[in-house]
Each structure stands twice: as C-alpha cells, then as structure tokens.
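>>> Structure for the following, please:
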Amino acid sequence: MILTYFVKPEGRQEFIDTREAANLWNVAMSKYMILEYQQTAQHLAKDLDLKWLLGIMIRANQRTVHYLEVIMEKYQVRSPDRNRLPSHWSGNTESFRDELIGQTNLRFLQEHLENLLRVIFTSITNDGVRAYFVRNLKLTLDNIDLILNYLKLKGWIEIGPFYLNSPAGVTEKITACEAANLWDHVTFRYDNIRKTNRYLTITHDVDFRFIIRKGLDELNRQVVILEKECQKYGISLPKRPAEVVIAPLESDYMCDDQIYRDILQGLQAAAMMHAEASKQCTHHDRIRGIFTNMLLNEIDYYNLFIKYGKQKGWLHAAPMYRSH
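Predicted structure coming up:
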C-alpha cells in the first residue's frame, strides 16, 4: 500500500484520550456480554457442530478479553464487572432452540462489528489501542462467516425477495437487497470519484496530492468491479463522473487540512456502508465477499491515513484521559 511510504513509525505512546478510554470500557462491556451469552448457549445447544463453533468463538473471545484487560490496566482505565460464569444446570431446555441460538449469536456479532467500527473511527491518539480494535474487527468478521455458513448449511437463514430483472441466461440469483447494495455502492463510488477529482485540482501539498491520486486509482479499480456485477445482473447504472475536471481560478478557498478531514469522513462513511452491505447480503457468498474485502481494505487504509494526518498535524487533538 503506497501510503505506508509516507507514514513514519511512531515511538512508544504513553497516553490515551478520553474517547479511547470510553471505547475500551464499552468494548469490554460488549465482550463480557457476548461471552456470557455464548457460554450459556454452548451449554444449552444440542447440535454438536453448534457446540464446536461456539467453543471456537468463546476461546477466541477469551483471548481478546485478556489482551483488552492488559491494555486497560496499562492505561489505568477501570473495567466493568465481568460476565457471570456458566452453571451446568438441569431442566427443560427445549424452548431454547439451536436455530434461535445460532441466529441470536449472528445478530450479536453483527452489532459488535458496527460497534468496533465506531470505536476505530474515534480512536485517533493511540495507535496501539486502535490496532487492537482493528484486530478485533477482523476476528469478528471471521466469526460472522463461521456462524453464517453454519446457519445456511442448516437452512436457518431466511432469504429475501430475489431481484427479478436479471438477463436471460444468468443462472446465479441475487436478492433485491444484494442488487440494491451493488447499486448503492456504484453511486457512492461515482460521487467519491467526482469529489476526489476536484480535490486534486486544489490540493497544494505534493505528497498529499500523490496520495489522493493513488486513492483515486483505488476508487476507479473498485468501481469497475461493481459495474461488472451490475451489468451481469441487469442492474441499471447512473451516469459516470466527468472525465475532464478543470481547476478553479482560485484554489485558496479550501486548505489541505480541511480536504484531509473531508476525505477521512468519506473513508468512515464508506467503511460503514461496506459493513452494512456485508451484514445484509447473506444469500450470495461471492457478493458478500466483495463488500467484506472492500471493508477490510478501507479499514487498513483508514488506519494508515490517521497516522499520516497525525504526522502532518491535520487532526484535531482530543482531550487526554490522563495527562500525567
């Protein structure tokens, strides 16, 4: 990734800001709740495959909780009360069906994914804390794939209405939701390409202009993938952005730091959009994979973009949690 050449390694970071302290506490709460539910569900589940899947996720979550507690102790952030230990009670568990366990676990993980995105976006001071959240996000995506594949194998995932306008001869079916997400992503990319082309005409910093140009190349690469999917399934496409963009006579009305923060907000919006599409597209694995890969690329780029902005002094400094 070209941005890595513009990011210098930072020294040991001794502080976290107030939002990062709150993020650590909120993620700890979510992790404890997920663990309690998964441990309870593992005891109540009857299907051996489901018990095995839950065991994998429980052990992974216990490791991430341990690392989280180490970070909280390091930065002197009080943790919430931990989850209850599961009890091996006996009784009628027929009302707690495996299908409900699997589906509820999927919803837990999907909501946790969106929570992790929010804390990644607001953790800007300490790169180590943000890196922990990014690792958690990737683990959560893996766990979502595990439980989703299990539910699909069991026939426990409801399929929404199919998109009905695909050309004759296209054997692959996609749902209306998947078609809508493909169209949404194309239009979003077109708007981003238009804005990025305009940014290029008014950016002053040479390095920053080079980074923007490389980002534009990535936008154009991704939109080609999305366009091909829309064409394959007969999804109508909007007008494409203009090929020629003329620089304004005056380029001083917008500073590079403001352009940087505008792009940063665009990266956040794109990542949330990819996550929502990945969450909704449960029928077609390949389409969901496109959105998941875009999400992972966006997060990796966002992480580097934050570091670049800090080096330039273009990020607003957040108030510290502890200043001494």
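
>>> Start and end of stretch 146-162, how far apart?
Taking C-alpha to C-alpha, to the nearest Å as the measure, stretch 146-162 stretches 24 Å from start to finish.

>>> Tell me if I'm right that D205 and D256 touch.
Yes: checked against C-beta atoms under 8 Å, the pair D205 and D256 is within contact range at 5.0 Å. Heads up, the C-betas are built off the backbone N, CA and C, glycines and all.

>>> Quick check: neighbours shared by the two?
Common contact partners of D205 and D256 (C-beta atoms under 8 Å, 6 or more residues apart in numbering): K312.

>>> Can you read off the pLDDT for S90?
Note for S90: predicted pLDDT of 61.

>>> again but with G169, I slipped
On pLDDT, G169 comes in at 88.

>>> Same check on E14?
For E14, pLDDT reads 80.

>>> That one and V134, how far apart?
As defined by C-beta to C-beta, to the nearest Å, E14 lies at a distance of 21 Å from V134.

>>> okay, those two: which has more neighbours?
Applying other C-beta atoms under 10 Å to E14 and V134 shows that V134 carries more neighbours, namely 18 against 9.

>>> neighbours around L315, how many?
Using other C-beta under 10 Å: L315 sits among 18 other residues.

>>> how near is it to F305?
For L315, the distance to F305 - C-beta to C-beta - is 10 Å.

>>> and the helix or strand harbouring N143, how far from the chain's centre?
Per DSSP states H and E, N143 falls inside helix 127-154. Centre-to-centre, helix 127-154 and its host chain are 10 Å apart (C-alpha atoms, centre = their mean, to the nearest Å).

>>> Pull out the buried positions in that helix.
Neighbour-count burial for helix 127-154 flags 127, 129-130, 132-134, 136-137, 139-141, 143-148, 150-151 (criterion: 16 or more other C-beta atoms under 10 Å).

>>> Give the buried residues for the helix or strand just after it.
As assigned by DSSP H and E, the chain's next helix or strand after helix 127-154 is helix 176-202. For helix 176-202, the neighbour count (16+ other C-beta under 10 Å) marks 177-183, 185-186, 188-190, 192-193, 195-200, 202 as buried.
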